[in-house]
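Asks: show me the folded form of this:
(one chain, ligands or ions: 1)
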Amino acid sequence: MAGIRIENLRKEFGSFVAVEDSSFTVHDGEFLALLGPSGCGKTTTLRMIAGLELPSSGKIYLDGEDVTFNRASARDIAFVFQLFALYPHMNVRKNIGFPLLSQGMPKAEIRQRVEETARLLQIDHILNRSVSGLAGGDRQRVALGRAIVRRPKCFLMDEPLGTLDAEFREIMVHELRELHNRIHATTVYVTHDQHEAMAMADKIAVMNHGVIEQFGTPQEIYAKPATMYVADFIGSPPMNFMRFTSGLKNGDRSILLDGVDVAVPEIHKDMAESELALGVRPEHIRFSDASALRGAVYGSEYLGTNQVVAVETQSGLIKARVPANRSFQIGERVGLEFNPAKLALFDCTSGRAVPSSLYQETRHG
Ligand code: ATP
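Replies: Residues are numbered from 1 along each chain as shown. As a prediction, the model looks like this:
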């Protein structure tokens with residue numbers, strides 16, 4: 001397997017910039033998810049790495065070698081679109097071995113490789129079965145086997161679970177991650193689904209209009225979002241924003257919100273008087289009668305183990321994830337308490353996080 005490095009990669013279609021000066025590294029054996037909404041440039045980035053699209057500028061390195069202008073066939077990459085397409089008239093063994101046969105590999109070697117691959121995927125007991133009679137999960141494993149049997153330098157996957165129903169999708173997310181844990185294949189995986197990215201990836205690149213807004217581990221991206229866009233895109237419900245105007249100063253440890261002092265992580269920048277937003281995840285809010293920060297219950301959603309309660313405050317509607325053992329009346333006044341160590345602040349003009357002790361240990365790149 002091999003690492004992938006892209007440097008200032010850019011793709012223009014006429015005057016439209018689909019990918020804007022992207023740079024990142026996927027280390028050998030890492031699983032990277034390119035995550036973002038439709039049209040943000042995920043597939044275009046992947047196609048450039050695969051060699052199916054030529055960049056307008058920038059460089060692509062595979063295993064340290066500059067492959068920017070190499071043909072796709074010379075890159076030793078497996079591109080997996082959807083995991084369903086199998087040859088229905090062939091049995092499992094022939095389906096998995098087909099890519100090696102087309103390469104002209106000797107039959108004995110193909111046999112050995114196919115059997116090794118089948119053992120890895122735990123489908124060695126069905127090698128002689130016809131694929132047409134297989135259950136969905138086994139079909140997916142056969143398709144995966146066909147992709148990994150070549151032992152390519154890396155895998156590129158473009159929404160491979162896109163056509164599956166929700167239940168089966170969840171099973172495959174688990175299987176793909178398990179497989180990754182066993183073979184440690186360098187993988188770039190395109191998805192618009194935050195749950196897939198969070199569950200499978202070692203690193204996530206969150207994209208927006210051709211720009212990588214943040215590159216980091218799922219934990220970093222969730223706990224320390226670099227921008228309001230990332231904070232809003234990740235999490236369900238997403239991070240709450242409470243807007244206020246302030247000239248924060250380096251060293252400040254509290255803000256004035258709805259006339260109440262709220263403790264926040266230490267600020268590391270002088271800010272001109274500007275519109276800011278306090279970012280708070282729903283699970284970092286609790287209701288407390290003692291709190292002077294108050295709001296009125298707007299609605300609630302019962303989720304079994306907990307509930308999401310919407311509260312109207314002076315600074316906007318916020319959602320709190322709280323224990324399910326208490327019921328709330330619409331309009332009921334509640335006090336709100338935040339976990340101060342987990343709060344983020346954003347500059348509403350740039351959308352970027354205000355530097356604070358919350359972000360001290362974050363490393364991007
Ligand atoms: P999706 O999941 O919908 O494919 P995506 O994030 O993968 O979204 P891309 O397919 O990379 O997005 O497309 C990014 C933008 O570039 C889109 O606005 C798309 O219309 C545009 N685009 C992609 N390919 C071309 C092309 N060959 N010519 C012109 N515009 C293109």
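Asks: C-alpha only now, for contacts and for neighbours.
Replies: OK.
Asks: buried stuff in the helix or strand containing residue 99?
Replies: If you go by DSSP states H and E, residue 99 is part of helix 92-102. For helix 92-102, the neighbour count (16 or more other Cα atoms under 10 Å) marks 92, 93, 94, 95, 96, 97, 98, 99, 100 as buried.
Asks: report the distance from stretch 31-50 to the chain centre.
Replies: Chain-centre distance of stretch 31-50: 11 Å, with Cα atoms, centre = their mean, to the nearest Å.
Asks: wondering if that stretch reaches the ligand at all.
Replies: Yes - on the criterion Cα under 6 Å from any ligand atom, stretch 31-50 is in touch with the ligand at 37, 38, 39, 40, 41, 42, 43, 44.
Asks: which outside residues touch that stretch?
Replies: Counting contacts by Cα atoms under 8 Å, 6 or more residues apart in numbering, the residues outside stretch 31-50 that touch it are 11, 18-19, 26, 53-55, 60, 72, 75, 77, 79, 156, 158, 180, 185-194, 197, 200-211.
Asks: state the next helix or strand along the chain beyond the helix holding residue 99.
Replies: Counting by DSSP H and E, what follows helix 92-102 is helix 107-120.
Asks: if we can go back for a sec, now do the helix holding residue 99 against helix 107-120, angle only.
Replies: Counting by axes from the mean of the first three to the mean of the last three Cα atoms, to 10 degrees, helix 92-102 lies at 130 degrees to helix 107-120.
Asks: avg pLDDT for helix 92-102?
Replies: Mean per-residue pLDDT for helix 92-102: 94.
Asks: okay, it in PDB with CA atoms only?
Replies: Coordinates of each C-alpha in helix 92-102 appear next as PDB, following Å, rounded to 0.1, in the frame of the first residue of the first chain:
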ATOM      1  CA  VAL A  92     -17.800 -16.500  -7.000                       C
ATOM      2  CA  ARG A  93     -14.300 -17.800  -7.800                       C
ATOM      3  CA  LYS A  94     -14.400 -16.500 -11.300                       C
ATOM      4  CA  ASN A  95     -15.800 -13.100 -10.300                       C
ATOM      5  CA  ILE A  96     -13.100 -12.500  -7.800                       C
ATOM      6  CA  GLY A  97     -10.300 -13.800 -10.100                       C
ATOM      7  CA  PHE A  98     -11.500 -11.900 -13.200                       C
ATOM      8  CA  PRO A  99      -9.200  -8.800 -12.800                       C
ATOM      9  CA  LEU A 100      -6.200 -11.100 -12.500                       C
ATOM     10  CA  LEU A 101      -7.200 -13.100 -15.500                       C
ATOM     11  CA  SER A 102      -7.400 -10.000 -17.500                       C
END
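Asks: just checking, what packs against it?
Replies: On a contact count with 3 or more Cα pairs under 8 Å, 6 or more residues apart in numbering; DSSP states H and E, helix 92-102 meets helix 107-120, helix 136-148.
Asks: ok, of those helices, where does mean pLDDT dip lowest?
Replies: Among the helices and strands packed on helix 92-102, helix 136-148 scores lowest, at a mean of 84.
Asks: ok, and of the contacts of stretch 31-50, which contact the ligand?
Replies: When contact is defined as Cα under 6 Å from any ligand atom, the contacts of stretch 31-50 meet the ligand at residue 18.
Asks: which of the contacts of stretch 31-50 fall within strands?
Replies: The members of those that map onto strands under DSSP state E are 11, 18-19, 26, 60, 77, 79, 156, 158, 187-191, 203-208, 211.
Asks: for the stretch 1-150 of the chain, which residues are neighbours of the ligand?
Replies: Residues of the stretch 1-150 of the chain lying near the ligand (Cα under 6 Å from any ligand atom): 13, 18, 37, 38, 39, 40, 41, 42, 43, 44.
Asks: returning to what we had before: ranking the helices and strands packed on helix 92-102 by burial, who's on top?
Replies: Of these, the one with the most neighbours on average (mean count of other Cα atoms under 10 Å) is helix 136-148, at a mean of 21.
Asks: what's the angle between it and helix 107-120?
Replies: Counting by the same axes, to 10 degrees, helix 136-148 points 130 degrees away from the direction of helix 107-120.
Asks: which residues touch helix 136-148?
Replies: When contacts are defined by Cα under 8 Å, 6+ apart, helix 136-148 is touched by residues 78-80, 83-86, 92, 95-99, 117-118, 121, 123, 131, 168, 172.
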